[in-house]
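1. Prediction below, plus the sequence it came from.
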Amino acid sequence: MATVKTVKKTEPRFDVPVISNLGIQSYGHNNLYPQEIVAIVAASESASSCIDRYKSFIQGNGFKDIPFSETVLNAAGETADDILQLLASDMANFRGIALHVNYNVFGQIVELSHIPFENARLCEPDSEGYIGQIAIHPDWTGKTKRAGKYIKVGKENIDYIDVFNPRKEVVLAQIEAAENIENYKGQTLWLSEEGKQTYPKPVHDSVVSYMSTEEGLGNILNRNSRNGLFPASVFITRKGQDTAENESEQDDTSIADSINKAQGDINTGKVMHIEIEHDEEMPKFERIQSANYDKEFTVTTETASQKIYAAFNQEIWNRIMKGSIGFSSEILRDAYEYYSTVTSKERRMIERAFNSIFKHWYAAINTSDFTIQPLVFVPSETNVDTLIKLYEKDMVKLNDILSKTGLPEKQDGDKYLSDIESTPLAVKLGVGGTQALQSILSDPNMSNEQKTGSLEELFGLDQESAQKLVYGKSFNNAG
């Protein structure tokens, strides 16, 4: 019976040696673990699909506070939603995020920017185990060029930035140490789901072998189809003997050349011609059977895919894709709700990061709610009842309902029910009333004046609202 003592010991997922000449902790044995895991995912069909879905659910429907989501946060013009999208990608790929903040001379945060997580490394801890800086390099592989020259991985090209500590006395002391605000590099908020100042392992680290298996199987199938022998038969003749297809003398073509010309999917079903020196029974046809590995690897392919989906907690999506549990709006809605719950921890981590930064923002931010709205399933068909229920639960916005029901969107309609006091017309009317309103608007036998009067009389709309529905603009501007 296997026990902890007797079972074969596993190797660490990655090493964290210290690179003394750079003053950093290596992220993996060669300091390239993040770059290598991304490359492995990119070569795996299942992993790539899972990563994209994982990222989408972490980003959700963006920040609930729309004005904040549109706020520009740095000199590059990036908004809060822009940065959220970048952070969601890092969380999906690495389970960690990094943000850079700049301060003014008063010790207030004035700028927030995203740092690609794969570019950040923990510096070497001091004698008490404290890590005071994060090392940033644009490409730890050393393959990126600027002005025609490679960016060498050396101290001269690494930014060593203080870790996030927004206490005013700390910030002012750091500015003083830098001699002036222009030389001050700001701070880096570096977070890992693995714990404080610990390199994270992504959720898919445990299935690296299966992701690599998918790449290998893809290569086998590719070579089988592009380089395999698929002619139906071989026509063998003595060298120099005329054939029925060509009475003239044949060129001296080697057997190797003939095989090369017969390889690949575009030569399927063709007859391959080979000449030999001597044979009394020539000419003759020989049937050939090409080796086909597709069926041999079917089980391996399915197993690898299932293991990858399981690592991402996306088994339900794998079953939907295979059709084993059917396909309906209800199933998709349940799948969305389930996976939004699974990814709630990642969203909360990003929310906490924004909260810790904007407590110290230089200007007043008219919100303290940095909630990221979870992703919900909205059916593509016009299902007014479903949309209204989602709107009442604060899960879709006003314009989502209006666009799905064929009504013109409102300028301020990108809001949730909790953000506005008035109830949208579609909610008030219900399904039947909305359909009746649409019938009036689309009736070719009614003039615009008749439509306007009917909307005022039947639905109690004021003249301006009725005219906007009919003309698409105010009456005075209608042309």
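-> Received it, and whenever you're ready, just let me know what you need. Numbers count the residues shown, from 1 in each chain.

2. Pass me the low-pLDDT residue ranges in the stretch 251-400 of the chain, would you?
-> Along the stretch 251-400 of the chain, the parts satisfying pLDDT under 70 run over 251-299, 326-328, 379-386.

3. at 80 instead, please
-> 251-301, 321-329, 378-400 (pLDDT under 80).

4. Show me the strands in it, by range?
-> Secondary structure of the stretch 251-400 of the chain by DSSP state E, counting those that start in this stretch: the strands cover 271-276, 284-287.

5. and what of the stretch 1-150 of the chain?
-> Counting by DSSP E, counting those that start in this stretch, the strands of the stretch 1-150 of the chain are 18-19, 24-25, 96-103, 109-114, 120-122, 133-136, 145-146, 149-150.

6. quick one: average confidence on the second one?
-> On average, the pLDDT along strand 24-25 is 96.

7. So which elements touch it?
-> Strand 24-25 sits against strand 18-19, strand 120-122, with contacts defined as 3 or more CB pairs under 8 Å, 6 or more residues apart in numbering; DSSP states H and E. Every C-beta, even on glycine, is put in place using the N, C-alpha and C of the backbone.

8. Can you tell me what sits against the last one?
-> In other words, strand 120-122. Strand 120-122 has contacts (CB atoms under 8 Å, 6 or more residues apart in numbering) with 24-27, 31, 98, 131, 134-137, 140, 188, 190, 197, 199.

9. Among those residues, which one sits closest to residue 434?
-> Among those, residue 98 lies closest to residue 434 (CB to CB), at 47.4 Å.

10. Wait, that closest one touches residue 113, no?
-> No: the criterion here is CB atoms under 8 Å, and residue 98 misses it with residue 113 at 9.8 Å.

11. between these two, who's got more neighbours?
-> Counting neighbours by other CB atoms under 10 Å for residue 98 and for residue 113 shows that residue 98 has the greater number, 25 against 17.

12. That one bridge partners, please.
-> Per DSSP bridges, the residues bridged to residue 98 are residue 190.

13. Let me see the contact set for it.
-> Taking CB under 8 Å, 6+ apart as the test, what residue 98 contacts is 90, 114, 115, 116, 117, 119, 120, 134, 188, 189, 190, 191.

14. Same check on residue 192?
-> Residues near residue 192 by CB under 8 Å, 6+ apart: 95, 96, 198, 199, 200.

15. 10 Å instead?
-> Each residue near residue 192 by CB atoms under 10 Å, 6 or more residues apart in numbering is listed here: 94, 95, 96, 97, 98, 117, 122, 198, 199, 200, 201, 349.

16. coming back round to it: distance to residue 459 added to the strands of the stretch 1-150 of the chain, as TSV?
-> TSV is the format used below for those (distance: least, CB to CB, whole Å):
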stretch	distance to residue 459
strand 18-19	71
strand 24-25	67
strand 96-103	49
strand 109-114	46
strand 120-122	57
strand 133-136	59
strand 145-146	63
strand 149-150	68
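
17. Out of those, flag the one nearest residue 453.
-> strand 109-114 (53.3 Å).

18. Pull out the buried positions in that closest one.
-> 109, 110, 111, 112, 113, 114 (16 or more other CB atoms under 10 Å).

19. One more: stretch 117-130?
-> 117, 118, 119, 120, 121, 122, 123, 124.

20. and if you look at stretch 58-67?
-> Buried residues in stretch 58-67 (16+ other CB under 10 Å): 58, 59, 60, 61, 62, 63, 64, 65, 66.

21. Verify the contact between the third one and residue 340 for me.
-> Yes: using CB atoms under 10 Å as the test, residue 60 is close enough to residue 340 to be in contact (7.3 Å).

22. Number of residues surrounding residue 320?
-> Summarising burial for residue 320: neighbours were counted as other CB under 10 Å, giving 17.

23. Next one: it from residue 355, what distance?
-> Per CB to CB, to the nearest Å, residue 320 is found 35 Å from residue 355.

24. repeat for residue 121
-> Distance from residue 121 to residue 355, counting by CB to CB: 26 Å.

25. Mind giving me the ChimeraX command for buried ones among the contacts of residue 192?
-> Entered in ChimeraX, the line below selects the buried ones among the contacts of residue 192, by 16+ other CB under 10 Å:
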select :94,95,96,97,98,117,122,199,200,201,349
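
26. Including distance to residue 451, could the contacts of residue 192 go into a markdown table?
-> Formatted as a markdown table, the contacts of residue 192 follow (distance: CB to CB, whole Å):
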| residue | distance to residue 451 |
| --- | --- |
| 94 | 56 |
| 95 | 56 |
| 96 | 57 |
| 97 | 53 |
| 98 | 56 |
| 117 | 56 |
| 122 | 67 |
| 198 | 65 |
| 199 | 65 |
| 200 | 60 |
| 201 | 62 |
| 349 | 52 |
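
27. Taking the contacts of residue 192, tell me the two that lie furthest apart.
-> Farthest-apart pair in the contacts of residue 192 is 122 and 349; separation 17.7 Å (CB to CB).

28. So which of the strands of the stretch 1-150 of the chain is nearest residue 212?
-> Nearest to residue 212 among the strands of the stretch 1-150 of the chain is strand 96-103; the distance by CB to CB comes to 22.6 Å.

29. Now do the closest residue to residue 336 other than its chain neighbours against residue 393, distance only.
-> Nearest residue to residue 336, sequence neighbours excluded (CB to CB, 6 or more residues apart in numbering): residue 377, at 4.0 Å. Residue 377 is 13 Å from residue 393, where distance means CB to CB.
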